[in-house]
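Student: Fold the stuff below for me.
(one chain, ligands or ions: 2)
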Amino acid sequence: MIHTLTLNPSVDYILELDEIIVGGLNRIQHDTKFPGGKGINVSRVLNRMDVKSKALGFAGGFTGEYIVDCLNKENIQTDFVQVADDTRINVKIKTKTETEINAKGPAISGRNFEDLKNKIRSLSEDDLLVLAGSIPSTLPESTYEELVRICLENGTAFVVDAEGELLKKVLPYKPFLIKPNHHELGDLFKTEFTSAKEVIPYGQKLVEMGAQNVIVSLAGKGAVLISDEAAYISSVPNGEVKSSVGAGDSMVAGFLAAYEKNKNIEKAFQYSVASGSATAFSLGLCTKEKAEELLSQVSIEKVSLKGEI
Ligand SMILES: Nc1ncnc2c1ncn2[C@@H]1O[C@H](COP(=O)(O)OP(=O)(O)OP(=O)(O)O)[C@@H](O)[C@H]1O
Ligand SMILES: O=P(O)(O)OC[C@@]1(O)O[C@H](CO)[C@@H](O)[C@@H]1O
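Tutor: Numbering: from 1, shown residues only. Ligands and ions are numbered 1, 2, ... in the order given. Modelled structure (predicted):
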């Protein structure tokens, strides 16, 4: 079974207004809240795609209760370690552009972390763990590495969607999939990208460092999948972006949902991009119907890594 791990979940509070006046009183036209955090978004999209998963992580206080309650109401199984402080609230401000204010998250005690590790220890080779998002500031940057070592011992495949050192440190353990966006990839290699093609050699470096499959998203400019056999460049559908919060997580969920059905990397990538765009074109996460409606607009070009196209 797929398990998602959100060490730093959030209540996402989405505020819509024409413009924001810094230093002034702003009245909101529309506001919504969602249970958020990257792993939780993956579980919610998987559920909409009829794939069962269990959401793990740390949750505390009234915000933690809200998240667990929302997930359970959606029939998503949860097994969170209860922590003393409140789960964070992240503010997403949607004007003509999108501004995100992500909080730090609660303190995690040594006991909390031990309890979480015991839950990861109970996974087997029939399970897959998705480790996604930032970690609370009281945990060290080796946290994901420590957890994927447990996965390796138990034969549990894993997927990582994280930034910087958190991501770099898990590569030698051979993640099945990683999904940096082009900014995160650029930060890793101290460079910038303007097109999908430019990303390929850097994706190949991540494959050499251990990743089995690398998806790099470039928002409206497309996406790339690189493995040790080939690279695929994808177009993205045209549409109006309503909120891109969770678009990357929807790509991970879409990829896993499709791969579980057909074991075909190229088709799973196409479904992944359609899912990402379906979320970008929605306020909140995509539905299966919306993702499938966009599928025919996602064209995939295979790029052989041995030279020919
Ligand atoms: N302007 C757009 N037009 C079409 N699709 C888009 C657009 N912006 C984002 N998407 C879809 O969302 C996917 C993920 O976008 P992006 O590269 O912003 O990922 P991310 O930064 O990981 O997302 P997140 O906001 O979840 O952190 C893209 O691959 C694409 O499918
Ligand atoms: O602070 P992190 O953990 O990097 O990201 C958290 C977050 O921005 O990611 C999700 C969208 O991908 C949101 O639901 C959530 O607020």
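Student: Pick out the residue of this protein closest to ligand 1.
Tutor: Gly248 (2.2 Å; CB to the nearest ligand atom). From N, CA and C alone the C-beta is placed, and that goes for glycine too.
Student: avg pLDDT for the helix or strand encompassing that residue?
Tutor: Taking DSSP states H and E as the definition, Gly248 sits inside helix 247-262. Averaging pLDDT along helix 247-262 gives 97.
Student: So which elements touch it?
Tutor: helix 38-48, strand 128-132, strand 157-161, strand 177-178, strand 214-217, helix 265-280 (3 or more CB pairs under 8 Å, 6 or more residues apart in numbering; DSSP states H and E).
Student: does ligand 2 sit close to it?
Tutor: Yes - interface with ligand 2: helix 247-262 contributes 248-249 (CB under 6 Å from any ligand atom).
Student: how about the residues of the stretch 201-309 of the chain near ligand 2?
Tutor: Residues of the stretch 201-309 of the chain found near ligand 2, taking CB under 6 Å from any ligand atom as the criterion, are 245-246, 248-249.
Student: Count the residues that sit near Asp69.
Tutor: For Asp69, the number of neighbouring residues by other CB atoms under 10 Å comes to 12.
Student: Please disregard the earlier target; I meant Ile108.
Tutor: Neighbour tally, Ile108, other CB under 10 Å: 23.
Student: ok, now which ones touch the residue positioned nearest the centre of the chain?
Tutor: Nearest to the geometric centre of the chain sits Asp249, at 3.2 Å (CA atoms, centre = their mean). By CB atoms under 8 Å, 6 or more residues apart in numbering, Asp249 lies in contact with 38-39, 41-42, 45, 132, 161, 279, 285.
Student: What subset of these is buried?
Tutor: Neighbour-count burial (16 or more other CB atoms under 10 Å) applied to the contacts of Asp249 gives 38-39, 41-42, 45, 132, 161, 279, 285.
Student: list the contacts for the closest residue to Gly220 other than its chain neighbours?
Tutor: Sequence neighbours aside, Val236 is the residue nearest to Gly220 in space, at 6.1 Å (criterion: CB to CB, 6 or more residues apart in numbering). Listed by CB under 8 Å, 6+ apart, the contact set of Val236 reads 220-223, 273, 276-277, 298.
Student: repeat for Asp187
Tutor: Counting by CB under 8 Å, 6+ apart, Asp187 has contacts 163-164.
Student: Ile300 is in contact with Glu266, correct?
Tutor: Yes - at 5.9 Å, Glu266 and Ile300 qualify as touching, with contact defined as CB atoms under 8 Å.
Student: Can you work out which residues contact both of these two?
Tutor: By the contact definition CB under 8 Å, 6+ apart, Glu266 and Ile300 are jointly contacted by Tyr232.
Student: which parts of the chain sit against ligand 1?
Tutor: So the chain meets ligand 1 at 181, 217-220, 223, 236-237, 239, 241, 244-249, 251, 273, 276-277, 280 (CB under 6 Å from any ligand atom).
Student: circling back: for the contacts of Asp249, which one is nearest Gly110?
Tutor: Using CB to CB, Gly39 is the member of the contacts of Asp249 that sits closest to Gly110, with 21.9 Å.
Student: Skipping adjacent residues, who's closest to Leu152 in space?
Tutor: Closest residue to Leu152 apart from its sequence neighbours, by CB to CB, 6+ apart: Tyr173 at 5.5 Å.
Student: repeat for Ile200
Tutor: In space, and not counting its chain neighbours, Ile200 is closest to Ala231: 5.0 Å by CB to CB, 6+ apart.
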